[in-house]
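# Coordinates for the following, if possible.
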Amino acid sequence: MTEKPRRGEPQTGLPNGGPKVNLDRALKSIVTVQSSIPEDAFTAQTLGEQRSGSGVVIRESGLVLTIGYLIMEAESVWLADAEGRVTPGHALAVDGETGFGLVQALGPLNCPALELGRSSEAKLGDPVTVAAGAGTRPVRAMVVGKQEFAGYWEYFLDEALFTSPAHPFWGGAGAIDRNGRLIGIGSLHVEQLSATTGPRDINMIVPIDLLPPILDDLLAYGRVNKPARPWLGIFSAESGDEIIVASVAENGPAAAAGIRRGDVLASVGGSEIEGLGDFYRKVWSRGPAGVEIPIEIVRDGRALGLRVHSADRSSFMKRPRLQ
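Just a heads-up that it's a prediction; the model follows:
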C-alpha cells in the first residue's frame, strides 16, 4: 500500500440496503474532537498544536473512540455533538500499536453509544458509511481492501480495512456497516495504485476488532499493560526494492546512533530487509523497548553497521492532564 495524503470534495449519500433506522441512530454517535497541544510537545511540529477530527461514542458514559494522533500529548480536548453542543473531554489513552485513542467526556454528550461490529466479517464490496463530525456529510463507500499496512512512522497492521471513495475528513471518522455498527476508525487518506484501475483515493481504516482485547487495559492504565515495542525514531519509505530513511526524530535513538536522511536500511541483525513491514517485524522481534538493534545501512554506496539503542516512544511524549 502506497501512502500519499490527498484532499478532495466529499462524496455524499448513504449505502443502499442497510436498515435506515439503525444508520440514522449511528450517525448521532459521531462527535467532533478538537485538541490543543503544548508548543514544546514532541509531536507539536509534526502533527500541529491545534488538531481537529472526529470520534465515536462507544459507551453511554461518554467514552469516545478516536484516532490517537488527534489527542496525543493533548493538554485540552473538546467534544461537540451533531447539534454543536460542546463538552470538555479528557484524553484517557493512546495506543501506538493500533493507533486508537480514547477520550472521556467530562459532561453529558447526549449521544447514543454505537454498537461495535466485527471488522473480520466485512467482505470486499460490502457497503460502508464513513462519517465524520463538524457538520460534514457522510460518504457512501465500499470495502475495497483488507490487507497489511505499513506506515512510515514505525506503524504496522496485519490487516487494515480500505474504503473507497475516500472521505476528505478522515481522522477519527467512524466506518459504519450496513447494520449500523462500528467496524473501524478512519486513520489516513492514501492513494492506492492498481495495474487494472490505476490510482484512486481511499481511506485506511483501523479495524474495530483490535479494540476489545486492549480496551480494559487502556481504561485502567492509559496504555496496554505489556512491555512497549522498541522504537527507533525513523521515518522511512519504500522506493523500489529499497527502504529509504526519509528523516529521523530529533534526539531519538536513530539520530543518536548516526542514522541520517537518505540512508538505505539493508538488514537487521544480519537478516536482509524485505520491505517496510518486514523491517518492523525484525526490529520488534529483538525484544522490548530498550533493546539494542544492530542495523546495517548503505550510505554513498558503502555498507555501515550501526547499533541503535531503542526506546519506548511514549517516554518522549507529554502525559495527558485532567482538565
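# pLDDT weak spots in this protein?
Within the chain, the ranges that satisfy pLDDT under 70 run 1-22, 193-197, 320-323.
# can you give me the helices in it?
Using DSSP state H, the helices of the chain run over 20-27, 44-47, 212-221, 253-257, 276-284.
# In CSV, list these along with distance to Val103 and mean neighbour count.
To be clear about C-beta, it is placed using only N, CA and C from the backbone, and glycine gets the same treatment. Formatted as CSV, the helices of the chain follow (distance: least, CB to CB, whole Å; neighbours: other CB atoms under 10 Å):
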stretch, distance to Val103, mean neighbour count
helix 20-27, 19, 16
helix 44-47, 16, 14
helix 212-221, 11, 14
helix 253-257, 30, 21
helix 276-284, 28, 20
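# will you turn the ones you listed into TSV that also has distance to Ala122?
Listed next are these as TSV, based on distance: least, CB to CB, whole Å:
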stretch	distance to Ala122
helix 20-27	15
helix 44-47	29
helix 212-221	16
helix 253-257	36
helix 276-284	21
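# Quick one: closest of the ones you listed to Leu65.
Proximity to Leu65 (CB to CB) singles out helix 212-221 among the helices of the chain, at 9.1 Å.
# Pull the contacting residues for the residue lying closest to Leu63 once chain neighbours are set aside.
Spatial nearest neighbour of Leu63, excluding adjacent residues (CB to CB, 6 or more residues apart in numbering): Gln104 at 5.9 Å. By CB atoms under 8 Å, 6 or more residues apart in numbering, the contact list for Gln104 reads Ser61, Gly62, Leu63, Val64, Gly89, His90, Leu92.
# before we move on, back to that, and the helices of the chain: which comes nearest Trp78?
It's helix 44-47; of those, that one is closest to Trp78 (CB to CB) at 17.1 Å.
# how close does Ser119 get to Ala266?
According to CB to CB, to the nearest Å, Ser119 and Ala266 sit 35 Å apart.
# thinking again about what came up before, which one of the helices of the chain lies closest to Ala132?
The nearest among the helices of the chain, by CB to CB, is helix 20-27 at 10.3 Å.
# now the angle from the top strand by length along the chain to helix 276-284?
Longest strand in the chain, counting residues (DSSP state E): strand 139-151. Here strand 139-151 points in a direction 50 degrees away from that of helix 276-284 (axes from the mean of the first three to the mean of the last three CA atoms, to 10 degrees).
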